[in-house]
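Participant: Sequence and predicted model, in that order:
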Amino acid sequence: MKSFHEIQARDLNTPVLQNEIDTKGYVLVRNLLPREDISRALNAITQVLSAAGWLLPGYDPLERMANPDAACGDPDPAFKSTYQTVFNLESFHALPHHPALQSAMKVLVGDRVLVHPKPIGRLIFPNCERLTVHAHQDYRFMGGDPECFTAWIPLHDCPIHAGPLRVVEGSHRAGYVQHADENLHVPEISSDTVLEGDWVSGQINAGDVLIFHSLTVHAASPNLSDRLRISLDCRFQDYWRALNPANLVFSGESGKSWEKTYAGWQSDELKYYWRGLPLAFQPSKAEIEQLSQTAEPPEKRARYARMLRQLD
């Protein structure tokens, strides 16, 4: 497998960043984020994981020593409960708004940067192939305008054996690739699919950020270490481009809400920051209202109805 082509943050400029994304579909920026800011988020998360029994006692939680008896992943209820506690952390949501990351994303999307408000935490137990995220494109899950970008941020040094992300270089140029959905919790690109471009990977450290296009095919490498692999995905786009409103709300039946997420926060600065922006919803509110009455099966109608209530 080829190694990532990398750029030091000090060498980052508009032509370089744009060229890397246009030609390769990704850019690995070394030392973009200060380690102390990464450590702040990691500390808060590992305290939650330790309290949940996911980490072995007798070690500093920051060492992330995994308790193999606690291994779980989505959609396991034990995972969902702990993950929601992590998701509710103020530091978890603050990292995508870091000025250094915002500055880099403005190069790609312009000054009208929208940070999607639901970052995804990857809490990956070691030696669990069933929990490894397989090949996919983020556009399959985000919808809206494909001119959207993901930043993958490991919260600790992530050597190859710990399962860093890998991408298919240049795969964004082929457009959308069909994903297999049947009998899968998470749709993925079949291993039989012929992809143009080489898989590339390599060690990604705390402070490094891997940025890639929404159509770039990517997957996790297996975590073969003895520690949890903890990372964060966050997405960015120009807020004048089409946005699937599902990225702003909780349309499932779990009872999640922004009010519950914000309950323990110390600051109001990042609460509902996207409200008031001239967002271009696709589907529109009118289309969602229609779908809440006509979509099949009935579960879809209920989902659209929940979405509509949260958008009002």
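Facilitator: Arrived safely, thanks for sending.
Participant: wait, what's in contact with the residue nearest to the spatial centre of the chain?
Facilitator: By C-alpha atoms, centre = their mean, the mean C-alpha position of the chain lies nearest to Asp233, the distance being 2.4 Å. By C-beta atoms under 8 Å, 6 or more residues apart in numbering, the residues touching Asp233 are Pro119, Ile120, Arg122, Asp138, Thr150, Ala151, Trp152, Ile153. Placement of C-beta: from N, CA and C, glycine included.
Participant: ok, now with 10 Å
Facilitator: Residues near Asp233 by C-beta atoms under 10 Å, 6 or more residues apart in numbering: 96, 116, 118-122, 133, 138, 150-153, 165, 210.
Participant: Which one of these is nearest to Leu243?
Facilitator: His116 (8.4 Å; C-beta to C-beta).
Participant: separation between that closest one and Ala151?
Facilitator: With the distance defined as C-beta to C-beta, to the nearest Å, His116 ends up 11 Å from Ala151.
Participant: which residues are common contacts for the two?
Facilitator: Pro96, Asp233, Cys234, Arg235, Phe236.
Participant: My guess is the fourth one contacts Asp138. True?
Facilitator: Yes - with contact defined as C-beta atoms under 10 Å, Arg235 reaches Asp138; the gap is 6.9 Å.
Participant: Settle it for me: which of those two has more neighbours?
Facilitator: The neighbour comparison of Arg235 against Asp138 (other C-beta atoms under 10 Å) goes to Arg235, with 23 against 20.
Participant: any idea which helix or strand carries that one?
Facilitator: strand 229-238 (DSSP states H and E).
Participant: I'd like the average pLDDT over that strand.
Facilitator: Taken as a whole, strand 229-238 has a mean pLDDT of 97.
Participant: Note down every partner strand of it and its orientation.
Facilitator: Using DSSP bridges, strand 229-238 pairs in its sheet with strand 113-115 (antiparallel), strand 120-124 (antiparallel), strand 149-154 (antiparallel).
Participant: low-scoring stretches of the stretch 51-200 of the chain, by residue?
Facilitator: Applying pLDDT under 70 to the stretch 51-200 of the chain flags residues 182-184.
Participant: The same query, at a cut-off of 90, please.
Facilitator: Applying pLDDT under 90 to the stretch 51-200 of the chain flags residues 74-75, 128-133, 180-187, 190-192, 194, 196.
Participant: if we can go back for a sec, and the gap between the closest residue to the residue nearest to the centre of the chain other than its chain neighbours and Lys256?
Facilitator: Distances taken as C-beta to C-beta, 6 or more residues apart in numbering put Ile120 closest to Asp233, at 4.2 Å, once the chain neighbours are dropped. For Ile120, the distance to Lys256 (C-beta to C-beta) stands at 14 Å.
Participant: okay, and the common contacts of these two?
Facilitator: The contact sets of Ile120 and Lys256 overlap at Phe87 (C-beta under 10 Å, 6+ apart).
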